[in-house]
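[1] Need a 3D model of the following:
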Amino acid sequence: MGEEPGPRRRAVSGELRLPGDPPGGRRAVAIWGLGVAVYFVAITYRTSLGIAGIDAADRFHINASALSTFSILQLLVYAGMQIPVGLMVDRLGTKKVLSLGVVLFTVGQLGFAFSHSYSAALAARALLGCGDAMTFISVLRLGARWFPARRGPLIAQVAALFGMAGNLVSTMVLARLLHSVGWTPTFASSALGGVLVLVLILLFLKDHPEGFEPGTVPHAGGGFVRKQIAAAWREPGTRLGMWVHFTTQFPAMVFMLLWGMPFLVEAQGLSRGVAGELLTLVVLSNMAVGLVYGQVIARHHRARMPLALGTVATTALVWGLALGWPGGQAPVWLLTALCLVLGSCGPASMIGFDFARPANPPERMGTASGIVNMGGFTASMVTLLAIGVLLDATGDNYRIAFASVFVLEALGLSQILRLRRRADRLERERIVASRVETVHVPA
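    Okay, here's the model as predicted:
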């Protein structure tokens, strides 16, 4: 008596489940699947340079530093766009942002196909990075709007899993096309995927189910933007998520985006065919581990930090063994183990969003996700540059160049250890407060 009417709350596995949560179901899967299809195409375009690095160096007559600039610029645009994209998603909704992203990354891929000069190719990759930046945060938002909150960790991991399948298209399909039909036909034909998903989302995508419209949030110009960013950044969970993403994602990203193929072929003496199989192994491992991590975190929320730290430690150990192997060339079994371990980096980076999610209200999730997503791509950008510069400075000494991975891992690990206790305490306090808050529905 005397209490405000409203929904009854109950906790499920340490998280709140509200009767007002979206119901999920087949339609939710179909709508969310359209967003995932966009992410799939974006990943295909993003990683297409990874299988064409050696060809790009020959086509544009550039050295290692200039080659790394392709990926650095692409990631610089991507990372720089994360907070603006988060704000756009919070304000405009998923459909508009995804549509714009598809147009940009498709034009970028098509421009890359017909580029004959280094500067034109750089402009095309920058445009591609801008469009790519609009995909994953939009897919996260789409999942949050169509599925119950308790499904969040699994939905995010599955989205990343299907996105990584785009990497398989790069390593297994585009690589073969590149060496059979050539540069322009390969990249130009791949741009058709962007046209297809654009038509589908314009026809069928909806931001949210009927009856589950998000609450209205005032958007008062620059004041709103500053407050939205500041509020998300003040949360230790957001910053912890960013550093988890920073520390876990970049070793695999650098390997798959550009330097994996040259490292395996030029430093380890493998054929292109064997190197391509190992790159494919990274993708397959990523997909398998993503399913496991998603299930574990959905059922055991406290497993987030052990999984993240365990991935960092294992990655550093296997990288150290591979780079420090006597004679400079590691055995194939060790390179295989390295690729399997690198496959766990992507799923581990997704854990960063699971730290930011409970720390921020739904109307701020796009902005918080953008901050988190900046982490790994900033680390990847710095490492791509460091490897390229060190290769040129040392006469292609991959052992020294790839040692830069350990510097950034150490930086990220120190920040994770600094923030984790405070973020954990605040999250526990919110869970306790939610459990004791009871709002009765009037008889």
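[2] ok, Val103 - how many residues close by?
    Val103 has 16 neighbouring residues, counting by other C-beta atoms under 10 Å. C-beta coordinates here come from the backbone N, C-alpha and C atoms, glycine included.
[3] How about the one 5 residues further on?
    Residue neighbour count, defined by other C-beta under 10 Å, stands at 25 for Gly108.
[4] What's the separation between it and Val199?
    Remark: distance between Gly108 and Val199 (C-beta to C-beta, to the nearest Å) = 18 Å.
[5] And for Ser117?
    Here the distance between Ser117 and Val199 works out to 32 Å (C-beta to C-beta).
[6] what does Thr315 give?
    Computed as C-beta to C-beta, the Thr315 to Val199 distance reads 40 Å.
[7] Neighbour count for these two, which is higher?
    With other C-beta under 10 Å as the criterion, Thr315 and Val199 differ in neighbour count, and Thr315 comes out ahead with 24 against 11.
[8] Quick one: residues contacting the closest residue to Ala64 other than its chain neighbours.
    The shortest distance from Ala64 to any residue other than its chain neighbours is 4.3 Å, reached at Leu391 (C-beta to C-beta, 6 or more residues apart in numbering). Contacts of Leu391 were listed using C-beta atoms under 8 Å, 6 or more residues apart in numbering, and they are 64-65, 397-398, 401.
[9] and those as JSON lines, adding secondary structure and neighbour count?
    Below are the contacts of Leu391 laid out as JSON lines (DSSP: H, G, I helix; E, B strand; the rest coil; neighbours: other C-beta atoms under 10 Å):
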{"residue": "Ala64", "secondary structure": "helix", "neighbour count": "21"}
{"residue": "Ser65", "secondary structure": "helix", "neighbour count": "16"}
{"residue": "Asn397", "secondary structure": "coil", "neighbour count": "14"}
{"residue": "Tyr398", "secondary structure": "helix", "neighbour count": "20"}
{"residue": "Ala401", "secondary structure": "helix", "neighbour count": "24"}
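[10] okay, those in CSV with distance to Gly53 and pLDDT next?
    Supplementary listing: the contacts of Leu391 in CSV, determined by distance: C-beta to C-beta, whole Å; pLDDT from 0 to 100:
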residue, distance to Gly53, pLDDT
Ala64, 9, 81
Ser65, 13, 82
Asn397, 18, 94
Tyr398, 14, 94
Ala401, 14, 95
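[11] Which single one of those residues is nearest to Trp243?
    For the contacts of Leu391, the closest approach to Trp243 (C-beta to C-beta) belongs to Ala401, at 24.1 Å.
[12] ok, the residue nearest to Ile51 when sequence neighbours are not counted to Trp259 distance?
    If the residues on either side of it in the chain are set aside, Ile51 comes closest to Ala175, at 4.1 Å by C-beta to C-beta, 6+ apart. Note on Ala175: its distance to Trp259, by C-beta to C-beta, is 16 Å.
[13] repeat for Ala308
    Noted for Ala308: a distance of 24 Å to Trp259, by C-beta to C-beta.
[14] Between these two, which is the more surrounded one?
    Set side by side, Ala308 and Trp259 show more neighbours around Ala308, with 29 against 25, by other C-beta under 10 Å.
[15] Would you confirm that the more buried one contacts Val244?
    Yes. Under the criterion of C-beta atoms under 8 Å, Ala308 lies in contact with Val244, with a separation of 5.1 Å.
[16] Could you pull out the residues contacting both of those two?
    Counting by C-beta under 8 Å, 6+ apart, the residues touching both Ala308 and Val244 are 348, 351-352, 416.
[17] I figured Val296 hits Arg302, correct?
    No. Here Val296 lies out of contact with Arg302, judged by C-beta under 8 Å, at a distance of 10.3 Å.
[18] so where is the stretch 51-200 of the chain shaky, pLDDT-wise?
    The model of the stretch 51-200 of the chain has no residue with pLDDT under 70.
[19] change it to 80
    Within the stretch 51-200 of the chain, the set of residues satisfying pLDDT under 80 comprises 51, 54, 71, 144, 149-154, 163-164, 167, 171.
[20] All the helices of it, residue numbers only.
    When assigned using DSSP state H, counting those that start in this stretch, the helices of the stretch 51-200 of the chain occupy the ranges 53-60, 64-92, 94-113, 118-132, 136-146, 152-168, 175-180, 183-190, 192-204.
[21] Run through the neighbouring helices and strands of the fifth one.
    Which is helix 136-146. In terms of contact count using 3 or more C-beta pairs under 8 Å, 6 or more residues apart in numbering; DSSP states H and E, helix 136-146 is assigned the packing partners helix 26-47, helix 64-92, helix 94-113, helix 152-168, helix 365-394.
[22] any chance of these in TSV, plus distance to Ala121?
    Listed next are those as TSV, based on distance: least, C-beta to C-beta, whole Å:
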stretch	distance to Ala121
helix 26-47	14
helix 64-92	7
helix 94-113	6
helix 152-168	21
helix 365-394	16
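[23] Which of those helices sits closest to Leu281?
    Smallest distance to Leu281 across those (C-beta to C-beta): 10.7 Å, for helix 152-168.
[24] who's in contact with that closest one?
    By C-beta under 8 Å, 6+ apart, the surrounding residues in contact with helix 152-168 are 32, 35-36, 39-44, 46-47, 136, 139-140, 143-144, 147, 256, 280, 282-284, 286-287, 290-291, 293-295, 297-298, 346-347, 350, 353-354, 357.
[25] among the residues you listed, which ones are buried?
    In terms of neighbour count (16 or more other C-beta atoms under 10 Å), the buried residues within the contacts of helix 152-168 are 32, 35-36, 39-44, 46-47, 136, 139-140, 143-144, 147, 256, 280, 282-284, 286-287, 290, 293-294, 297-298, 346-347, 350, 353-354, 357.
[26] In this structure the residue nearest to Ile51 contacts Gly50, no?
    No. With contacts defined as C-beta under 8 Å, Ala175 does not count as touching Gly50, sitting 9.1 Å away.
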